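J.: Could you work out the structure for the sequence below:
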Amino acid sequence: MMHNQIKTKNQTIPYKLRVSRRAKRVRLSVAHDSSVILTVPWRVDVKRAEDFLKDKTNWIIKKLEFFKQYKGRVFFKSGKREYHKFKHQALVLAGERVKYWNQFYNFSYNRINIKNQKTRWGSCSKKGNLNFNYKIVHLPKELLDYLVVHELCHLKEFNHSKNFWQFVVQTIPDYKIYRARLRKMAF
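T.: Numbers count the residues shown, from 1 in each chain. Next comes the predicted model:
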């Protein structure tokens, strides 16, 4: 992998050039750590690929700006493969933690479901179903416990009212800290 840079009017953007025997087309990616990677099939002229990169500088700058907004957040790899890989483990984990915390609350619930959600860690349905994102398997225990308690408390208060938070604080007194940390976990 070679390290190069592209110059724009306002800045110089470093990028990595990767020539691949398996790649079928030129591919450009910007990762959450702001690294830019240009992947080129080994038979494609590198100059042509670099012209492609120059044409995409506005797109690159937009992506870099996007990731600057989320600096300090933790990102998890996601997709159908990961969902199927972790779904059962997440179900067992959620079941254990719901059972543990519900010893205190003794709320009745219907089912625990594991979902492949794009923007939520968990939810509680009007039918009493507790839904959790399969990515809970990657959470530290204290954040998982906060999430489980949060969704359990929705069984009694289906909103974020003062009453709701009074239920949460009974078992998670530092819930505000965990809530803020969980929000920094990006999908």
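J.: could I have the strand ranked longest in the chain exported to CSV, CA atoms only?
T.: For the chain, the strand that runs over the most residues, judged by DSSP state E, is strand 12-20. Only the C-alpha atoms of strand 12-20 are listed here, as CSV (Å, rounded to 0.1, in the frame of the first residue of the first chain):
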residue,chain,number,x,y,z
THR,A,12,-4.1,18.5,1.0
ILE,A,13,-5.8,15.2,1.6
PRO,A,14,-3.6,12.1,2.3
TYR,A,15,-4.8,8.8,0.9
LYS,A,16,-3.6,5.2,0.6
LEU,A,17,-3.4,3.6,-2.8
ARG,A,18,-4.0,-0.1,-2.7
VAL,A,19,-3.5,-2.2,-5.9
SER,A,20,-5.5,-5.4,-5.6
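J.: Show the subsequent helix or strand relative to the lowest-mean-pLDDT helix or strand in the chain.
T.: Least confident helix or strand, the chain: strand 74-75 with a mean of 61, by mean pLDDT, DSSP states H and E. Going down the chain from strand 74-75, the next helix or strand is helix 80-105, by DSSP states H and E.
J.: State the mean pLDDT of the next helix or strand along the chain from that next one.
T.: Scanning forward in sequence from helix 80-105 by DSSP H and E, the next helix or strand is strand 112-115. In this model, strand 112-115 has a mean pLDDT of 98.
J.: neighbouring strands for the helix or strand that comes right after strand 112-115, and are they parallel or not?
T.: Heading C-terminal from strand 112-115, the first helix or strand you meet, by DSSP H and E, is strand 122-124. According to DSSP bridges, strand 122-124 forms sheet pairs with strand 130-133 (antiparallel).
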